[in-house]
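Asker: heads up, no residue letters with this:
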């Protein structure tokens, strides 16, 4: 039987260790064993879950951490900061940053799935589908809104809802869930196009979270859920819908032997910060999103080949947390819009260490494309 190949890093890193004096050889052998383990190749992940808290910066996450001593992201092994700039601007928006995550290319304000030249760029969803993987997009806002649109369509303006809806409904993704039912109906679709009939022909279709909860997921091969005419609203209105959507999506996607890519977004962490909402409202949104992260991490525990990434697209509100006379937080806003501060990123699973440190948003996308294409670890 041929001898197994020994990694070249073994020779480079152990040569000096093996030339130690006899009394140090025990330590040298221990070093050798450790090097052998560290040189073993890591299999690339076959399941990728990207969770985005829209508009959430460090202050948003601080409120969540102070409200929950067992925050799920605290268990994640890699922490980084994302530079959210676009191709021609410093303070970015959901469309270009989601495009950077989806395609690995920075673009201009309003762009979804297109580069700075306005031409379509292949997305991580498309790369995953080419490999036979299942794919899914979930959001608490309209399914045709900027973040899911960047992953599921190509348009030069995020407001092209009719075109985005047509592209998303006909792309062949496994799971699509969120609000925005009106964008798929004849009131918005030109020439009285009826996308709902096409959707029902290809997929199981539901319009309420109760109907979603009652699905026999073992019999569902493709699912579209549109739960509101517009956005699904704040957590006080939508309840635990995001957790339910995440759980059901994972149950369906898990059945594909080739793996999957899933994007999960909470929009209201951004919307409420735009409104300069109070501390309790922002905290509730972050904790609801955090519960969805918990669902993803629970899935990862049973499927260690899963890579989970949690981040945001930009910070909203210029939120700060100064103190009062009793040294208690007094949340303040500097703006009703976006800011250019770096946003936190958390990752765990195979290849998670590649997302640490200060990382550009387009680099995050490039890594996702590489991993979905079978590279990496």
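Answerer: Cool, the structure landed. Bear in mind that the values here come from a model prediction, so they are computed numbers and not experimental data.
Asker: check contacts around the residue lying closest to residue 73 once chain neighbours are set aside.
Answerer: Sequence neighbours aside, residue 346 is the residue nearest to residue 73 in space, at 4.3 Å (criterion: CB to CB, 6 or more residues apart in numbering). For every residue, glycine as well, the C-beta is placed using N, CA and C. Residues in contact with residue 346 (CB atoms under 8 Å, 6 or more residues apart in numbering) are 73, 76, 78-80, 309-311.
Asker: Shouldn't residue 346 be within a strand?
Answerer: Yes: assessed by DSSP: H, G, I helix; E, B strand; the rest coil, residue 346 belongs to a strand.
Asker: So for residue 186, what pLDDT did the model give?
Answerer: Residue 186 is assigned 85 on the pLDDT scale.
Asker: Also residue 130?
Answerer: 97.
Asker: burial count for residue 239?
Answerer: Neighbour count of residue 239, defined by other CB atoms under 10 Å: 13.
Asker: Please name the nearest non-neighbouring residue to it.
Answerer: Residue 239 sits nearest to residue 209 (CB to CB, 6+ apart), 7.4 Å away.
Asker: quick check, nearest of the contacts of residue 346 to residue 258?
Answerer: The closest of the contacts of residue 346 to residue 258 turns out to be residue 309 (CB to CB; 19.7 Å).
Asker: Which residues does the strand or helix carrying the closest one contact?
Answerer: Using DSSP states H and E, residue 309 falls within strand 306-311. Strand 306-311 has contacts (CB under 8 Å, 6+ apart) with 45-53, 73, 76, 82, 293, 296-297, 299-300, 343-352, 355, 364, 368, 371.
Asker: helix or strand right after that strand?
Answerer: strand 315-316.
Asker: Report the mean per-residue pLDDT for that next one.
Answerer: Strand 315-316 comes out at a mean pLDDT of 98.
Asker: what does stretch 154-164 give?
Answerer: So the average pLDDT for stretch 154-164 ends up being 96.
Asker: Run through the strands of the protein in chain order.
Answerer: 47-53, 78-83, 134-142, 175-179, 204-206, 223-226, 260-266, 306-311, 315-316, 338-339, 343-348, 357-360 (DSSP state E).
Asker: partner strands of the third one, parallel or antiparallel?
Answerer: Taking DSSP bridges as the criterion, strand 134-142 forms sheet pairs with strand 175-179 (parallel), strand 260-266 (parallel).
Asker: what angle sits between the longest one and strand 47-53?
Answerer: Just to be clear, that refers to strand 260-266. Strand 260-266 runs at 10 degrees relative to strand 47-53, counting by axes from the mean of the first three to the mean of the last three CA atoms, to 10 degrees.
Asker: can you list contacts of strand 260-266?
Answerer: Residues from elsewhere that reach strand 260-266, judged by CB under 8 Å, 6+ apart: 47-54, 124-125, 128, 133-141, 147-148, 151, 174-175, 242, 245-246, 249-250, 253-254, 285, 288-289, 292, 296, 368, 372.
Asker: what's next to stretch 287-305, contact-wise?
Answerer: By CB under 8 Å, 6+ apart, the list of residues contacting stretch 287-305 from outside reads 43, 45-47, 49, 51, 53, 56, 64, 67-68, 71-73, 75-76, 235, 240, 242-243, 246-247, 250, 254, 259, 264, 266, 269, 306, 308, 310, 348-350.
Asker: tell me which residues in that stretch are buried?
Answerer: Neighbour-count burial for stretch 287-305, counted by 16 or more other CB atoms under 10 Å, picks out 288-297, 299-300.
Asker: The nearest residue to residue 77 once chain neighbours are set aside: how many residues sit nearby?
Answerer: Counting by CB to CB, 6+ apart, residue 348 is the residue found nearest to residue 77 once chain neighbours are left out, at 4.8 Å. The number of residues packed near residue 348 is 22, by other CB under 10 Å.
Asker: Then residue 235?
Answerer: Neighbourhood size, residue 235 [other CB under 10 Å]: 23.
Asker: related to what we said a few turns ago, same list (the buried residues of stretch 287-305) but as CSV, adding pLDDT and distance to residue 99.
Answerer: Formatted as CSV, these follow (pLDDT from 0 to 100; distance: CB to CB, whole Å):
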residue, pLDDT, distance to residue 99
288, 98, 25
289, 98, 21
290, 98, 25
291, 98, 27
292, 98, 22
293, 98, 23
294, 98, 28
295, 98, 26
296, 98, 23
297, 98, 27
299, 98, 27
300, 98, 26
